[in-house]
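Trainee: fold the stuff below for me.
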Amino acid sequence: MKNRTTLILGGLSLILAVALIIVLLVTANQPAPDRGFQKLADIARFEPDPKVWKVNFPSQYDTWLKTQEQATTAYGGSEPYSKLEKDPRLKTLFAGNAFSNDYNEDRGHYWSVTDVTETGRNPTAGTCWTCKSAVVPGLMEQMTPEKFYATAFKDLAVNFSPDKPISCGDCHDSKTMELTITRPAFREAMEKRGIDLSQATRQEMRTYVCGQCHVEYYFAGEGKYLTFPWAKGIRVENIYDYYRETLVEGKPFKDYAHGISGAPMLKAQHPEFEMFTADSTHYSAGVSCADCHMPYARDGATKYSSHFVASPLKYAEQACGQCHADVNYVTKRVATIQDQTWNHMSRSEDALVSAIQAITDTAKLPAFDATQLDEARELQRRAQFYWDFVAAENSMGFHNPEEALRILGEAIDYARQAELMARQAALGKAAGGK
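Mentor: Numbers count the residues shown, from 1 in each chain. Model (predicted):
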């Protein structure tokens, strides 16, 4: 009996030892809990100068400085090369819009004030400052968002300087360091979707603070009120329907009239949040923007989030390696996805150029079916917005590969329908059509 008891106890001890080893192996690969921070200096509410935050957060500040980097990647990067020179088709697609004059690759957060000040697109609305500087939250509280948006870009410019770009105060409460929403347009849009941000988890906030700016938006009314078109949903067709049903002087909202075809056009901005949260694989698995773009790093025994916000491929071991054992496979998979997306984007552009040419050819004829030609312009408008929804989104499809290819497939289809409709408009009137 004694031997049996000893055997049982020995077995239990072995099981516990194995269990302990498993727990240790699992937790060893998890990020250590945040150790808080050592407060050396008080930081004022809405403090816009990142150098002030540096005193308490030197590691975060040093990594944030890396967003000065200017480098190219396979399909993007942070060097402000001209996209118009690299892809001349864009001049045709954006004819009539300022993007046909100046369209450069975006640089990192460090350059946000410099780039919006020096862009050849010549912004006029104060709304264009909204996501360019940590000065904005305090200025909006002082002025109210409505007055901020309605003030001319040049009149607000006196408040901004290159040394106070996008930085700490855009996302953090200076007293508690909790992540916080500082742009009212995001809060307003989420409320319309029925999402209570006060109930958001910390992991959700690690995506939401990015979603304040990395989104599709438009300026509503004469006051140029910053608005996210999410009332019907966040997928491209929901947003397109929202714009179609938003009437301005009795006609669907438009950003500009196409300079060649005359179609009432929409210009997509940078809908990273919409693409990523539309049931992408990573988002559905609980991954946040910060998990990949701001992976944990260490300074001795201290763990912190890197603020070198850039492509995760620049630090794939830290970003991808948190979940994926074979980082080489992951990077090759990313390349495959981006190659496929670029191929479909290029086909979309070819189809759109053909549609624009067909509409233009028909419009030059002495007789054509005006109704059908307007339908062709509407198809061009939809096709280009769908294409631009992916083209303007800064991941070359990787944030949501399936969704990106679905959208581009529809863009190609709508563009070919536009070309066909334009040709039919010419034949229809010639044959006595109305």
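Trainee: quick one: contacts for the residue nearest to Ser280 when sequence neighbours are not counted?
Mentor: Closest residue in space to Ser280, ignoring its immediate chain neighbours: Asn400 at 3.9 Å, by CB to CB, 6 or more residues apart in numbering. Quick note: C-beta positions are derived from backbone N, CA and C, even for glycine. Counting by CB atoms under 8 Å, 6 or more residues apart in numbering, Asn400 makes contact with 275-276, 278-281, 283.
Trainee: could you do Asn122 as well?
Mentor: Contacts of Asn122 by CB under 8 Å, 6+ apart are Ala98.
Trainee: would it count as being in a helix?
Mentor: No - Asn122 is assigned coil when assessed by DSSP: H, G, I helix; E, B strand; the rest coil, not a helix.
Trainee: any figure for the gap between it and Leu93?
Mentor: Per CB to CB, to the nearest Å, Asn122 is found 20 Å from Leu93.
Trainee: go on, Phe273?
Mentor: Using CB to CB, Phe273 is found at 24 Å from Leu93.
Trainee: looking at these two, which is more packed in?
Mentor: Legend: neighbour count by other CB atoms under 10 Å for Phe273 and Leu93, higher for Phe273 (26 against 23).
Trainee: and the residue lying closest to the more buried one once chain neighbours are set aside, its phi and psi?
Mentor: In this structure, Phe273 finds its nearest non-sequential neighbour in Gly211, 3.7 Å apart by CB to CB, 6+ apart. Torsion angles at Gly211 (phi, psi; degrees, to the nearest 10) stand at phi -70, psi -10.
Trainee: now swap in Ala358 and tell me
Mentor: On the backbone of Ala358 - angles per degrees, to the nearest 10 - the values are phi -60, psi -40.
Trainee: burial of it, as a residue count?
Mentor: 25.
Trainee: now swap in the one 10 residues further on and tell me
Mentor: By the criterion of other CB under 10 Å, Phe368 has 21 neighbours.
Trainee: number the chain from 8, please
Mentor: In the new count, where the first residue is 8, that last one comes out as Phe375.
Trainee: that one touches Ala432, doesn't it?
Mentor: Yes - Phe375 lies in contact with Ala432 (CB atoms under 8 Å); the separation is 4.9 Å.
Trainee: which parts of stretch 286-298 are buried?
Mentor: Using 16 or more other CB atoms under 10 Å as the test for burial, stretch 286-298 gives 287, 289-290, 294-298.
Trainee: what does stretch 87-98 give?
Mentor: 90-91, 97-98.
Trainee: nearest to Tyr421, of those residues?
Mentor: Leu97 (18.4 Å; CB to CB).
Trainee: is the closest one part of a helix or strand, or is it coil?
Mentor: helix.
Trainee: give me every residue that touches the residue nearest to it when sequence neighbours are not counted.
Mentor: The shortest distance from Leu97 to any non-neighbouring residue, by CB to CB, 6+ apart, is to Leu91 (5.4 Å). Leu91 is in contact with 97-98, 107, 109-110, counting by CB under 8 Å, 6+ apart.
Trainee: could these be laid out in JSON lines, adding distance to Leu415 and pLDDT?
Mentor: Converted to JSON lines, the contacts of Leu91 look like this (distance: CB to CB, whole Å; pLDDT from 0 to 100):
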{"residue": "Leu97", "distance to Leu415": "16", "pLDDT": "98"}
{"residue": "Lys98", "distance to Leu415": "20", "pLDDT": "98"}
{"residue": "Ser107", "distance to Leu415": "21", "pLDDT": "98"}
{"residue": "Asp109", "distance to Leu415": "25", "pLDDT": "98"}
{"residue": "Tyr110", "distance to Leu415": "19", "pLDDT": "98"}
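Trainee: Serialize the residues you listed to CSV and add fields for distance to Ile50.
Mentor: Listed next are those as CSV, based on distance: CB to CB, whole Å:
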residue, distance to Ile50
Leu97, 43
Lys98, 46
Ser107, 43
Asp109, 37
Tyr110, 37
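Trainee: neighbours around the closest residue to Ile267 other than its chain neighbours, how many?
Mentor: Closest residue to Ile267 apart from its sequence neighbours, by CB to CB, 6+ apart: Ala102 at 4.7 Å. Using other CB under 10 Å, Ala102 has 17 neighbouring residues.
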